[in-house]
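Trainee: predicted model and sequence follow; I will ask about them next.
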Amino acid sequence: MKSDLSNYRKSYNKGYLSEEEIFDSPLELFNKWFNEVSSTCLDIEINAMTLSTIDKEGFPRSRVVLLKYFSEEGFTFFTNYNSNKAKSILNNNKVSLSFFWEKMERQILIKGESFKTSEVVSDNYFNSRPSGSKIGALVSSDQSSVIPSRSFLENKFKEIKKEFENSEICRPLNWGGFIVKPIEYEFWQGRENRLHDRIRYNNKNNKWIIERLSP
Ligand SMILES: Cc1cc2nc3c(=O)[nH]c(=O)nc-3n(C[C@H](O)[C@H](O)[C@H](O)COP(=O)(O)O)c2cc1C
């Protein structure tokens, strides 16, 4: 089979990014873009981001995770500490995050280092989850491992649900957060004729250096 996608082409004209409207802090610009997208695009999972890690063999691997908090401290997501991504991070904590908000023709790329969040942060978030998600975390105690079948998961879900019928589900120790501390951001706004706006913030000695990149 051969598919020809060479005619899939779109012109970008939803916005622009000029030096006059950006901030000294990339987090402020992230926050502005996030709020604009969240108020304009109501039907997308705006906090879905692609996390890329490097595995022990040196191969990159990317997958979507959900951003749960962002602040000057960094960008936090939650996962299973036995998963592929967690093993990769614990071996090499250099990661990238990327957001693609298609409806506004925007992309943000973040390069940074990732660290486990404190137990308190993980507990607080785990405790705020609906019970089905809590049980799901227990069911998938070895995320990314091979399992025999779908019914294996469903049976395990039923068993755990019954087991915790009258008691609270505590966070399993192999489940928790990672916080990504950015050292570089790139904000990309699609423009006409492929003359896209690309503004990069690079952290040098605790100061953000702002540069425009060729599209
Ligand atoms: C929209 C969306 C949101 C997701 N959110 C998370 C998440 O927050 N945490 C997580 O561990 N996996 C999440 N996943 C599943 C991951 O993409 C991935 O399949 C899983 O974490 C296993 O990845 P790994 O084997 O590379 O570690 C999400 C997937 C999608 C499509």
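Mentor: The structure has been received and is ready for your questions.
Trainee: can you give me phi and psi for the residue lying closest to Trp101 once chain neighbours are set aside?
Mentor: Once flanking residues are discounted, Trp101 sits nearest to Val37: 4.6 Å by C-beta to C-beta, 6 or more residues apart in numbering. For every residue, glycine as well, the C-beta is placed using N, CA and C. With angles defined as degrees, to the nearest 10, Val37 sits at phi -70, psi -40.
Trainee: tell me the pLDDT of Val37.
Mentor: pLDDT for Val37: 95.
Trainee: equivalent analysis for the one 5 residues further on, please.
Mentor: We note a pLDDT of 86 for Leu42 in this prediction.
Trainee: check Asn47 too.
Mentor: Looking at Asn47, its pLDDT is 98.
Trainee: cool, and Lys156?
Mentor: 95.
Trainee: now Glu21
Mentor: So Glu21 comes in at 85 (pLDDT).
Trainee: for the residue nearest the centre of the chain, what are its contacts?
Mentor: With distances taken as C-alpha atoms, centre = their mean, the chain has Met49 as the residue nearest its mean C-alpha position (3.4 Å). Residues near Met49 by C-beta atoms under 8 Å, 6 or more residues apart in numbering: Val64, Val65, Leu66, Leu67, Phe75, Phe77, Leu97, Ser98, Phe99.
Trainee: could you do Arg212 as well?
Mentor: Glu19, Asp197, Arg198, Ile199, Arg200.
Trainee: one step back: tell me which of the contacts of Met49 fall in strands.
Mentor: Secondary structure defined by DSSP state E assigns Val64, Val65, Leu66, Phe75, Phe77, Leu97, Ser98, Phe99 of the contacts of Met49 to strands.
Trainee: just to revisit the earlier point, can you tell me how far the residue nearest to Trp101 is from Asn47?
Mentor: Using C-beta to C-beta, to the nearest Å, we find Val37 at a distance of 10 Å from Asn47.
Trainee: cool, Gly112 as well?
Mentor: Using C-beta to C-beta, Gly112 is found at 17 Å from Asn47.
Trainee: looking at those two, which is more packed in?
Mentor: Between Gly112 and Asn47, counted using other C-beta atoms under 10 Å, the more crowded position is Gly112 (20 against 16).
Trainee: that one - that's part of a strand, no?
Mentor: Yes: assigned with DSSP: H, G, I helix; E, B strand; the rest coil, Gly112 falls within a strand.
Trainee: start the count at 40 instead of 1 going forward.
Mentor: Understood, numbering begins at 40; the last thing we discussed is Gly151.
Trainee: does it touch Val219 like I think?
Mentor: Yes: the pair Gly151 and Val219 qualifies as a contact (C-beta atoms under 8 Å) at a distance of 4.5 Å.
Trainee: intersection of neighbour lists for those two?
Mentor: With C-beta under 8 Å, 6+ apart, Gly151 and Val219 have common neighbours Gly113, Phe114, Val134, Leu136.
Trainee: can you say which two of these are spatially most distant?
Mentor: Pairwise distances across the shared contacts of Gly151 and Val219 peak at 10.9 Å for Gly113 and Val134 (criterion: C-beta to C-beta).
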